[in-house]
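Colleague: this one's structure only:
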């Protein structure tokens, strides 16, 4: 009888303590397309630092799953507390559902917190805001710098070096092709990779010209942009890109071939370093990034300089109106963007930090550290890679595909982008 | 008086029976209203509003419809959908019918194997199909190129990367994926053919090609009509294969209604235009279905009975 009584008391006590624990446990809901394994590490670090908070993370593929889920949730008022965002168009689409975070950020990191954010990121955080709205609706977590990665082991084998002129780039592409490699893999079926290369080219002809064009300060039909568009076509015609690039995707096809050592070069960005942190087996090229190094696109015309670094926010997060009512949501967002959560993402080499003063730690080789340092040195002077209006980005994607396919002339293609820009600016 | 009471009792019973019948219909009606009628009405309403940059929606009348119809991409989509419909439906029916005929009449021990193999693409994930076909089409390093190399053919471009061929390349993938479904419908039709009719035809001397064309094909008309109706609706619903393989490109050359609506609504955030497009697609689907039912009749399944 005593045993029974003892057992019953123990069960009751356990049930009560469990109920009490559940009552104290607070919850934050997060949606994003951010790499699941890395996010789980960030969440684990956060929950260790804040044991009374539980984070529920839902991962989506970016398109179409994530953007459709956001749209449906916004329409029904059921957005989670924190959502992954890209600066510009995506943030602007949900601005009405987001809290301005200026005050919370100032309280968290001090009045001059924004100065800790790299200039290109700061510019992108406000991109697309109505005139006079200086509120921040997105806090960046990671930055990126676009570049041309090359397989240095293949280059070494073929006695090639990182090209410094367009002729050297063409010669390297020819040598790679002649030896059975894909010269520069371009997933030209994806608008984003085409935009990235075009931005490298355009900023080579005139730094910042794309920003001026999308703001309506310079026409898209300006000679520099027409020249950049012609140079873009040249990358296809001169055999720099692989044959049939317009039907190819950068992910997963291109990235897999690049990692396997079948591709000589690929226009990606600082995020490529994370390949070395993926679960084994890894190829000899990806292991510790031994096979890879990067350069910026060499001058495509006499008188040009190499492309300047182009980049900005890789991913940021917004606090929704629902999240604004949950104090733990901001705590998580702050830790994810400039705290223990960010540190885990950096240690995973997911990308570069958006806030200055952070760096990856842990098991990282000297080669990776050196490349990371080069990216970090270039980040403060990076040109903007983002578009404020999705309609302008879409028009540019179509123009780039049309010119590459030879179905439209560069001038006519850019006139289409100009028309889309005027329409977008008028709607604003 | 007694007769009056009896009539009243019958009326009461009849009213009670009618209300019971309505109660049985209630769950289906509710499901239809909540999950079909309401969303359609909601989308129709949205098509008359335009979103402002401050997030508010303003009444725009027919502006969204005018904007969609004056967009050249809309007419590219209409052309692509017409091509899709005209090519995929007959080709799928023809190949599917031939497969069904040969499997049912000329295979015995391996019948189940062939049925499964040809039906496999229908149940395979579209993501996997897209990845495989992008690799098949890839020139230079692609799967098709590996075989073509042996006969001295070098693919210079990818069929999905050329604006002139992209839509046809996607149509080929669609036919490959869905032919198994046509085959299955015809197999069901052939299995239901009355054996006495076939025997009578054989006694009359019909065999081989003649038996197939003059006896079996006409008797499979219900399956053909069903495939036609489903094919038209399926064409208008096309989305994942195009989204995953070309994204509607290059330069919108392979855009279909599904990708166009997706871009307008979710990429560009123009919900009004997306809703207007959805309503247009709904009207087209409805009109085509009604025309087919009017022209071909409503007997759409092999087991279906014509009304006298």
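Modeller: Structure received. Not measured: the values here are computed from a predicted model. Numbering: from 1, shown residues only, chains lettered A, B, ... in the order given.

Colleague: and stretch B:200-214, which residues are buried?
Modeller: Within stretch B:200-214, the residues that count as buried by 16 or more other C-beta atoms under 10 Å in any protein chain shown are B:201, B:206, B:211-212. For every residue, glycine as well, the C-beta is placed using N, CA and C.

Colleague: same deal with stretch A:232-252?
Modeller: Buried residues in stretch A:232-252, counting neighbours by 16+ other C-beta under 10 Å, are found at A:232-236, A:238-250.

Colleague: Stretch A:209-228 too?
Modeller: Within stretch A:209-228, the residues that qualify as buried by neighbour count (16+ other C-beta under 10 Å) are A:209-211, A:213-214, A:218-222, A:224-228.

Colleague: nearest to residue A:274, of the residues you listed?
Modeller: Each of these was checked against residue A:274 using C-beta to C-beta; the closest is residue A:210, at 26.8 Å.

Colleague: how many neighbours does residue A:80 have?
Modeller: The local packing of residue A:80 (other C-beta atoms under 10 Å in any protein chain shown) involves 21 other residues.

Colleague: Surely it touches residue A:31?
Modeller: Yes - the criterion here is C-beta atoms under 8 Å, and residue A:80 meets it with residue A:31 at 4.9 Å.

Colleague: Please enumerate the shared neighbours of the two.
Modeller: Jointly contacting residue A:80 and residue A:31 under the rule C-beta atoms under 8 Å, 6 or more residues apart in numbering or on different chains are A:58, A:73.

Colleague: after the host helix or strand of residue B:101, next one along is what?
Modeller: In this assignment (DSSP states H and E), residue B:101 forms part of helix B:72-106. Toward the C-terminal end, the helix or strand that comes next after helix B:72-106 (DSSP H and E) is helix B:111-123.

Colleague: Give me the residues contacting that next one.
Modeller: If you take C-beta under 8 Å, 6+ apart as the criterion, helix B:111-123 is touched by B:99, B:103-104, B:107, B:129, B:176-181, B:183-184, B:187.

Colleague: So which of the residues you listed is the closest to chain A?
Modeller: Chain A has its nearest neighbour among the contacts of helix B:111-123 in residue B:129, at 14.2 Å by C-beta to the nearest C-beta.

Colleague: For residue B:244, see how far away the closest one is.
Modeller: Using C-beta to C-beta, to the nearest Å, one obtains 8 Å as the distance from residue B:129 to residue B:244.

Colleague: Tell me which stretches of the stretch 201-350 of chain A form strands.
Modeller: A:263-269, A:292-295, A:310-319 (DSSP state E, counting those that start in this stretch).

Colleague: for the ones you listed, which one sits closest to chain B?
Modeller: Distances from chain B to each of the strands of the stretch 201-350 of chain A were compared using C-beta to the nearest C-beta; the minimum, 9.1 Å, belongs to strand A:263-269.

Colleague: Would you reformat the contacts of helix B:111-123 as a markdown table and include pLDDT, secondary structure and distance to residue A:151?
Modeller: Conversion of the contacts of helix B:111-123 to a markdown table gives the following (pLDDT from 0 to 100; DSSP: H, G, I helix; E, B strand; the rest coil; distance: C-beta to C-beta, whole Å):
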| residue | pLDDT | secondary structure | distance to residue A:151 |
| --- | --- | --- | --- |
| B:99 | 95 | helix | 46 |
| B:103 | 92 | helix | 49 |
| B:104 | 87 | helix | 54 |
| B:107 | 86 | coil | 50 |
| B:129 | 95 | helix | 30 |
| B:176 | 97 | helix | 35 |
| B:177 | 96 | helix | 36 |
| B:178 | 96 | helix | 41 |
| B:179 | 96 | helix | 41 |
| B:180 | 96 | helix | 41 |
| B:181 | 96 | helix | 44 |
| B:183 | 96 | helix | 46 |
| B:184 | 95 | helix | 48 |
| B:187 | 94 | helix | 51 |
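
Colleague: Out of these, who's the most crowded?
Modeller: Using other C-beta under 10 Å as the neighbour test, the contacts of helix B:111-123 are led by residue B:183, with 27 neighbours.

Colleague: looking at this, residue A:174 is in a helix?
Modeller: Yes - checked against DSSP: H, G, I helix; E, B strand; the rest coil, residue A:174 lies within a helix.

Colleague: mind checking how far the closest residue to residue B:101 other than its chain neighbours is from residue B:198?
Modeller: On the basis of C-beta to C-beta, 6 or more residues apart in numbering or on different chains, the spatially nearest residue to residue B:101 that is not a chain neighbour turns out to be residue B:212, at 6.3 Å. Look at residue B:212 and residue B:198: by C-beta to C-beta, they are 11 Å apart.

Colleague: now residue A:230
Modeller: From residue A:230 to residue B:198 the distance is 68 Å (C-beta to C-beta).

Colleague: Just to check, residue B:169 is in contact with residue B:137?
Modeller: Yes - using C-beta under 8 Å as the test, residue B:169 is close enough to residue B:137 to be in contact (6.2 Å).

Colleague: What confidence value was assigned to residue 120?
Modeller: Since you didn't name a chain, this refers to chain A. At residue A:120, the pLDDT value in this model is 95.

Colleague: Actually, chain B is the one I wanted.
Modeller: You'll see residue B:120 listed with a pLDDT of 95.

Colleague: can you give me the offset of stretch A:334-347 from its chain's centre?
Modeller: The offset between the C-alpha centroid of stretch A:334-347 and the centroid of the whole chain comes to 16 Å, using C-alpha atoms, centre = their mean, to the nearest Å.

Colleague: ok, now stretch A:98-108?
Modeller: Stretch A:98-108 has its C-alpha centroid displaced from the chain centroid by 23 Å (C-alpha atoms, centre = their mean).
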